[in-house]
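Trainee: got a structure for you, letters missing:
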């Protein structure tokens, strides 16, 4: 299961790099648009729309990476005071709740995507972008996050069944201060 998580991690990293590239391109596009307006009194219609799509797509594509690397935000005021088995159960419960939310958003997003495809919906901007295009990229990110989360949940439940509390911690637990320090100093 660890190798499969590693493969998901490699794909998630590619999605993050792609999303980051989209953001950089969007920043360049908006910068060029601002300078063109200021110095040449010209506007590149749609730069704000495209940058919005880039932001949305990059965010959705980064969700699985954040999940694998335990970068999602959680309230941990008392977490470190609990014994390892209670922390493991709290981690699994938290992941189940997060996946329930992601599943709901994915389901609703899929319905919206299908409506856009069925009706040929387009943006109400000068670009008249077919909405199914950015929505398909958002769905890809959400679906991949859901699959990644289910994989992590399965691996965590298996570790819990073995009583391997450190494995649950490594897979889905909140990073300790020491882990965060090591992560920051290694890079």
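Mentor: Perfect, I can see it now. Note that this is a predicted model, so its numbers are computed, not measured.

Trainee: residue 113 reaches residue 136, doesn't it?
Mentor: Yes. Look at residue 113 against residue 136 with Cβ atoms under 8 Å: they come within range, at 6.4 Å. Heads up, the C-betas are built off the backbone N, CA and C, glycines and all.

Trainee: strands of this structure, start to end?
Mentor: Assigned by DSSP state E, the chain shows no strands.

Trainee: which residues of it score low on pLDDT?
Mentor: Low-confidence segments of the chain (pLDDT under 70): 187.

Trainee: related to what we said a few turns ago, if you count what's nearby, which of residue 113 and residue 136 comes out ahead?
Mentor: The residue with more neighbours, out of residue 113 and residue 136, is residue 113; 18 against 15, by other Cβ atoms under 10 Å.

Trainee: and that one, what does it touch?
Mentor: Residues near residue 113 by Cβ atoms under 8 Å, 6 or more residues apart in numbering: 132, 135, 136, 139.

Trainee: now these: which count as buried?
Mentor: Buried members of the contacts of residue 113, scored by 16 or more other Cβ atoms under 10 Å, are 132, 135, 139.

Trainee: out of those, flag the one nearest to residue 20.
Mentor: Of all those, residue 20 sits closest to residue 139, with 19.8 Å by Cβ to Cβ.

Trainee: quick check: closest non-adjacent residue to residue 80.
Mentor: Spatially, and ignoring its direct neighbours in sequence, residue 80 is nearest to residue 176 (7.4 Å; Cβ to Cβ, 6 or more residues apart in numbering).

Trainee: nearest to residue 30, out of the buried ones among the contacts of residue 113: which one, please.
Mentor: Of the buried ones among the contacts of residue 113, the one sitting nearest to residue 30 (Cβ to Cβ) turns out to be residue 135, at 22.1 Å.
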